[in-house]
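Enquirer: next one to model:
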Amino acid sequence: MKANLNHQLNNPSSKEVEILSIGTELLLGNIVNTNAQWISEQLSQLGLNHFRQSTIGDNFDRIIKVIQEISQRSNLLITTGGLGPTPDDLTTKAIAKSFNVSLYERTYLWDEIKQKLSNSKLQDNSSSLRKQCLFPKNAQIINNPRGTAPGMIWEPIKGFTILTFPGVPSEMKTMWEETAVDYIQNKFSDGYSFLSNTLKFSGIGESHVAERINDLLNLKNPTVAPYANLGEVKLRITAKAKSELEANKLIKPVKEKIKNEFSKFIFGENDDTLPSVLIKKLAKRKETIVFAESCTGGLLSSSITSISGSSQVFQGSIVSYSNDLKNSLLNISEDKLKKYGAVSKEVCEAMAINVKKKLGADWSIAISGIAGPNGGCKEKPVGLVHISISGPNNHITNIKKIFNSTRNRTEIQTLSVNLCLNSLRLILLSKS
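Expert: Here you go, the predicted structure:
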């Protein structure tokens, strides 16, 4: 076979791994491709770098073409999607056609599918469901305990292996953990693995971080890589070693140097978030918090309540978007609202004081601003935000921020929430 000859001639000495995501819905943007990200992380933990990811729609001929191309340059291909019973689920059939082999029914798989599904579903879809039992003769089946579509491990040509998984993340992850991990580790790992430790920053930009650690960005092992999300910067330190202990020894001095350089700006590591960090700090202090929100419309409250355990510290909030509700619920006088306007230090400070008193908490945060795109003026432009934080001793911290007007409404609201949480974090840090 021509593909076999090409692969043997061009077979790389190192293990080349690729990920192929299959599904038109991914190309249309209807679904975010979280599978490729998750698989990438798992490969790194197994000590395998992959250098290419592809996404292709549900087109039989195009799937065949891309699989044949990958087979000539890589050792391991991991696919997700296209294993179900519908007409556009073409993955297994296309893979087999790529290497001119036939598919054979595994009758025991049909028995398993019948056990998983009710009789009514089988009557309506028996022929389409049954195609999930068809595989190349020498393929190893990957059991799917959470769905009806099994995957496979198949080496169609020497030096090239394909692992297939459904597109449903929960099914794919379970199958990966039960079958793929051991297989990949035994066949493709060189005994080394990657261990990463991510430091998270708030209140500083990615370029400023990179400038101050330029020497660390050139390290080979461990490596240091900066990443930026909206309102957050991450530094990922990754070491390659034969044991977790050895990897941690490589990471430790680099991590300590970064922490010493940016102690004020680092709020957490790995899975930490600003809300989760604040909840832990307030719980440790046995203190509670409430919010009064205007321009963020409940987003600040949502960020806290999205974290399990938030009920230990979060009492509640008042979302007072209109001046009438600021007056009736937060006792902000009509005179103050008229004199200073809702977006002002004076009104925001009163919101913080009054919500803390009314809802009975140790801390309060109030926020008012102009998220845009309309509503701004020369004196109070779009992006202007006032934040007031009131603590146990009734000391008030007022923050005024004007976010870049090129930011959209959602970005201004998100950045405002981050500013609220990070400002309180810094206050608590100064009191610890």
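
Enquirer: list phi and psi for Ser54.
Expert: phi -130, psi 150 (degrees, to the nearest 10).

Enquirer: what do you get for Ile365?
Expert: According to degrees, to the nearest 10, Ile365 has phi -130, psi 130.

Enquirer: kindly report the same for Thr164.
Expert: Note on Thr164: backbone dihedrals following degrees, to the nearest 10 are phi -110, psi 140.

Enquirer: do the same with the one 4 residues further on
Expert: Backbone geometry at Val168, expressed as degrees, to the nearest 10, gives phi -70, psi 120.

Enquirer: what about it, how many residues close to it?
Expert: 19 (other CB atoms under 10 Å). No exception for glycine: its C-beta is placed from N, CA and C like everyone else's.

Enquirer: also Lys338?
Expert: The tally of other residues near Lys338 (other CB under 10 Å) stands at 9.

Enquirer: so how far is Thr91 from it?
Expert: 65 Å (CB to CB, to the nearest Å).

Enquirer: and the closest residue to Ser196 other than its chain neighbours, bridged to which residues?
Expert: Nearest residue to Ser196, sequence neighbours excluded (CB to CB, 6 or more residues apart in numbering): Thr238, at 4.4 Å. In this entry, Thr238 is beta-bridged to Ser196, Thr223, by DSSP bridges.

Enquirer: going forward, count from 4.
Expert: All right, first residue 4 from here; so that's Thr241.

Enquirer: can you list the domains in the chain?
Expert: Listed domain ranges for the chain are 5-191, 196-272, 277-434 (source: automatic domain parsing).

Enquirer: and these as JSON lines, adding mean pLDDT?
Expert: Output for these, formatted as JSON lines (pLDDT from 0 to 100):
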{"stretch": "domain 5-191", "mean pLDDT": "88"}
{"stretch": "domain 196-272", "mean pLDDT": "93"}
{"stretch": "domain 277-434", "mean pLDDT": "96"}
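
Enquirer: got a list of contacts for stretch 191-198?
Expert: Contact partners of stretch 191-198, identified using CB atoms under 8 Å, 6 or more residues apart in numbering, comprise 18, 20, 47-51, 78-79, 241-245, 247, 250-251, 254.

Enquirer: next one: the helix or strand where Gln56 lies to chain centre, how far?
Expert: Gln56 is part of strand 53-59 when elements are defined by DSSP states H and E. Relative to the chain's own centre, strand 53-59 is displaced by 18 Å; criterion: CA atoms, centre = their mean, to the nearest Å.

Enquirer: again with stretch 23-35
Expert: Centroid separation for stretch 23-35 versus its chain: 17 Å, with CA atoms, centre = their mean.

Enquirer: likewise for stretch 32-41?
Expert: 10 Å.

Enquirer: got the buried residues for that stretch?
Expert: For stretch 32-41, burial by neighbour count (16 or more other CB atoms under 10 Å) applies to 34, 36, 38-39.

Enquirer: the strands in the stretch 154-303 of the chain, which residues?
Expert: For the stretch 154-303 of the chain, the strands defined by DSSP state E, counting those that start in this stretch cover 154-160, 163-168, 196-204, 226-232, 235-244, 269-272, 292-296.

Enquirer: pairing partners for the second one, with directions?
Expert: Partners of strand 163-168 in the sheet, by DSSP bridges, are strand 79-83 (parallel), strand 154-160 (antiparallel).

Enquirer: got the contact list for the first one?
Expert: Going back to what we said before, that points to strand 79-83. Residues outside strand 79-83 that contact it (CB under 8 Å, 6+ apart): 18-25, 38-39, 42, 51, 70, 73-74, 94, 98, 163-170, 175, 183, 187, 191.

Enquirer: return the subset of these lying in helices.
Expert: 38-39, 42, 70, 73-74, 94, 98, 175, 187, 191 (DSSP state H).

Enquirer: for Lys361, state which of those residues is nearest.
Expert: Nearest to Lys361 among these, counting by CB to CB, is Asn38 at 46.7 Å.

Enquirer: tell me who's in contact with that closest one.
Expert: Each residue near Asn38 by CB under 8 Å, 6+ apart is listed here: 24, 83-84, 168, 170, 172, 175.

Enquirer: can you check what angle separates the helix ranked longest in the chain from strand 226-232?
Expert: Longest helix in the chain, counting residues (DSSP H): helix 412-434. For helix 412-434 against strand 226-232, the angle by axes from the mean of the first three to the mean of the last three CA atoms, to 10 degrees is 120 degrees.

Enquirer: who are the packing partners of helix 412-434?
Expert: Helices and strands in packing contact with helix 412-434 are listed as helix 277-288, helix 302-308, strand 366-372, strand 387-393, strand 399-405; criterion 3 or more CB pairs under 8 Å, 6 or more residues apart in numbering; DSSP states H and E.

Enquirer: now, of the ones you listed, which is deepest in the fold?
Expert: strand 366-372 (a mean of 27; mean count of other CB atoms under 10 Å).
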